[in-house]
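Participant: Requesting a structural model of the entry that follows:
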Amino acid sequence: MSGFVETGRSVVRRALERVGRGWSKMQERRPLSCDLLESDDAYLVVFDAPGVRGEDLKVTFLDHTVEVELDRFRDFYDGYEMLFPGRGVSLSGSAELPRDANVTPQGANATLTRNGTLQVEIPKKDDGRDVAVVEEDEEADPDAEADPAADA
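Facilitator: Below you'll find the predicted structure:
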């Protein structure tokens with residue numbers, strides 16, 4: 001009878017492992033969740049990134065889109081066996097800024113917080129400049145007729 005029980009446990013473990021691997025692959029295909037926020041000076045994109053280290057993270061800004069790719073690793077726990085590997089390890093996501101956003105990637109920064117979020121801040125460009133206004137003199141009125149005697 002113990003052989004029958006052990007066979008049953010083995011079948012259940014293999015089934016759980018397959019289901020878990022399928023679940024983790026599904027998670028890897030879904031984009032990372034994120035929030036897009038705006039202030040007077042910058043845009044802030046906050047991604048969920050639990051279990052990630054800075055060296056396992058890639059952030060790119062291209063054509064008004066913040067793209068994130070991350071790899072995380074499963075820790076091993078002494079005395080425990082993996083039955084259901086359900087967390088995806090290679091995750092990605094993106095957030096598109098508004099098309100009219102006037103931003104500069106040169107001042108952008110990314111912060112990986114202790115609570116498992118990635119905060120990407122992209123500053124707005126401050127290239128609005130005052131335009132000098134010059135008034136024409138009444139004497140230099142372009143609508144005034146030229147004096148033909150002055151050209152002679």
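
Participant: Do you have the helices of the protein handy? List them.
Facilitator: For the chain, the helices defined by DSSP state H cover 2-29.

Participant: What spatial separation is found between residue 75 and residue 53?
Facilitator: 12 Å (C-beta to C-beta, to the nearest Å). In short, each C-beta sits where N, CA and C put it, glycine included.

Participant: quick one: which of those two has more around it?
Facilitator: Between residue 75 and residue 53, residue 53 has the larger neighbour count (other C-beta atoms under 10 Å), namely 12 against 6.

Participant: which residues touch the more buried one?
Facilitator: Each residue near residue 53 by C-beta atoms under 8 Å, 6 or more residues apart in numbering is listed here: 72, 112.

Participant: Can you list the low-confidence ranges for this structure?
Facilitator: Scanning the chain for pLDDT under 70 picks out the ranges 1, 4-5, 8-9, 11-13, 15-17, 19-28, 84-86, 127-135, 138-152.

Participant: Show me the strands in it, by range?
Facilitator: All strands of the chain, identified by DSSP state E, fall at 34-38, 42-48, 57-62, 65-71, 90-96, 109-112, 117-123.

Participant: Partner strands of the third one and their direction?
Facilitator: This points to strand 57-62. Strands that pair with strand 57-62, judged by DSSP bridges, come out as strand 65-71 (antiparallel).

Participant: got it, and the second one?
Facilitator: Strands adjacent to strand 42-48 in the sheet, as given by DSSP bridges, are strand 34-38 (antiparallel), strand 117-123 (antiparallel).

Participant: so which of those strands is the most packed in?
Facilitator: Across the strands paired with strand 42-48, the average number of neighbours (mean count of other C-beta atoms under 10 Å) peaks for strand 117-123, which reaches a mean of 19.

Participant: Confirm for me that residue 94 is in contact with residue 62.
Facilitator: No - the pair residue 94 and residue 62 fails to qualify as a contact (C-beta atoms under 8 Å) at a distance of 9.6 Å.

Participant: Thanks a lot, catch you later.
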